[in-house]
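# just coords:
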C-alpha cells in the first residue's frame with residue numbers, strides 16, 4: 001500500500017499501543033485466581049470474572065476502578081459471601097498496583113512520535129478510552145504528552161465519539177489517521193467514520209476487545225510501531 005494522502009491529524013490509542021497495559025491486568029487476574037482457589041478452579045474464576053465485567057460495563061465503563069469493583073463483586077459471589085476482609089484488602093492492593101503501572105513507552109514509540117513531531121506535518125492526538133484520572137496519570141508517567149497537541153479520553157470509542165473528536169479538532173474524518181492495537185475499539189469506529197487506520201496488533205488482547213480479523217482498503221497492519229513512518 002502507498003502512503004496515506006491528505007492526512008492532517010494522526011490520533012493514537014494509548015493502552016497497548018503507546019505502552020503495555022493488558023499484561024498487567026493479566027498478571028492481576030492470575031493472582032486473583034490464586035486468592036480465590038479455595039472457592040473455585042482458575043478457569044471458573046476467570047470465566048465468572050469476565051461475565052461480571054461484561055455485565056458491569058454499561059454502568060461502570062472501562063478502567064482500573066471498574067475492574068477492582070468487578071473483582072470484589074465476583075469474589076463475594078463465588079465464595080457465597082464467605083470471602084474475608086483480608087482477601088478483599090488484597091484485591092484493593094492489586095487494584096492500586098494497576099493504578100501505578102509504569103506506562104513505559106513500547107519499543108519504537110517515543111522515537112517515532114518525536115520524528116512525527118519534528119516533521120511538523122501533522123497534529124498529533126491521543127484518543128483513548130478509560131477512567132479520566134487514570135489515563136491522564138499514565139500519559140504523564142509515560143513522558144510522551146509533550147508530543148501531542150490534543151488529548152481526548154472518552155468512556156467508549158464509538159463512531160460517534162470519533163466524529164466528535166474530528167469536530168473538536170476541526171478536521172474532516174478523511175484527513176485523520178487512527179493508530180491502535182484494537183480492531184474493535186480503534187480501527188472499526190475510525191473506518192466507519194470515514195477515517196484511515198493503522199492496526200498494530202499487541203501480543204495480548206482483552207477478551208472484550210477480541211473480534212474476527214478483517215481487512216479494509218483504508219487500513220494497513222504493521223508489526224512494529226516504527227513502521228508507521230513508512231505510511232505517512
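Good, I have the coordinates. This structure is a prediction, so every number in the text was calculated from the model and none was measured.

# what's near enough to touch the closest residue to residue 186 other than its chain neighbours?
If the residues on either side of it in the chain are set aside, residue 186 comes closest to residue 180, at 2.6 Å by CB to CB, 6 or more residues apart in numbering. No exception for glycine: its C-beta is placed from N, CA and C like everyone else's. For residue 180, the contact set (CB atoms under 8 Å, 6 or more residues apart in numbering) comprises 12-13, 17, 186-187, 197-200.

# how close does residue 90 sit to residue 97?
Distance, residue 90 to residue 97, by CB to CB, to the nearest Å: 11 Å.

# where exactly do the helices run in this protein?
In the chain, the helices defined using DSSP state H lie at 22-35, 42-60, 64-78, 85-98, 109-119, 132-142, 159-169, 188-193.

# For the protein, which residues score under the pLDDT cut-off?
Filtered on pLDDT under 70, the chain yields the residue ranges 1.

# The same query, at a cut-off of 80, please.
Within the chain, the stretches falling below the threshold (pLDDT under 80) are 1-2, 205-210.

# Please pick out the residue of it most distant from its centre.
Distance from the centre of the chain peaks at residue 82, with 33.8 Å (CA atoms, centre = their mean).

# The closest residue to that residue other than its chain neighbours and residue 81, how far apart?
Among residues not flanking residue 82 along the chain, residue 39 sits closest, at 7.5 Å (CB to CB, 6+ apart). Distance, residue 39 to residue 81, by CB to CB: 11 Å.

# Please identify which of those two sits among more neighbours.
residue 39 (16 against 8; other CB atoms under 10 Å).

# what number of residues lie near residue 147?
Residue 147 has 19 nearby residues by other CB under 10 Å.

# Would you confirm that it contacts residue 115?
No: contact criterion CB atoms under 8 Å: residue 147 and residue 115 do not qualify, at 9.9 Å.

# what's the burial count for residue 214?
11.

# In contact with it: list those residues for me.
Contacts were defined as CB under 8 Å, 6+ apart; by that measure residue 214 touches residue 183.

# Give me the distance between it and residue 197.
In this view, residue 214 and residue 197 are 11 Å apart by CB to CB.

# Residue 13 contacts residue 187, doesn't it?
No: assessed by CB under 8 Å, residue 13 is found out of contact with residue 187, at 9.4 Å.

# overlap in contacts of the two?
With contacts defined as CB under 8 Å, 6+ apart, the residues shared by residue 13 and residue 187 are 178, 180.

# ok, these two, which is more surrounded?
In terms of neighbours (other CB under 10 Å), residue 187 is the more surrounded of residue 13 and residue 187; the figures are 28 against 23.

# give the contact list for the more buried one.
Counted by CB under 8 Å, 6+ apart, residue 187 has contacts 178, 180, 197, 199, 216, 219.
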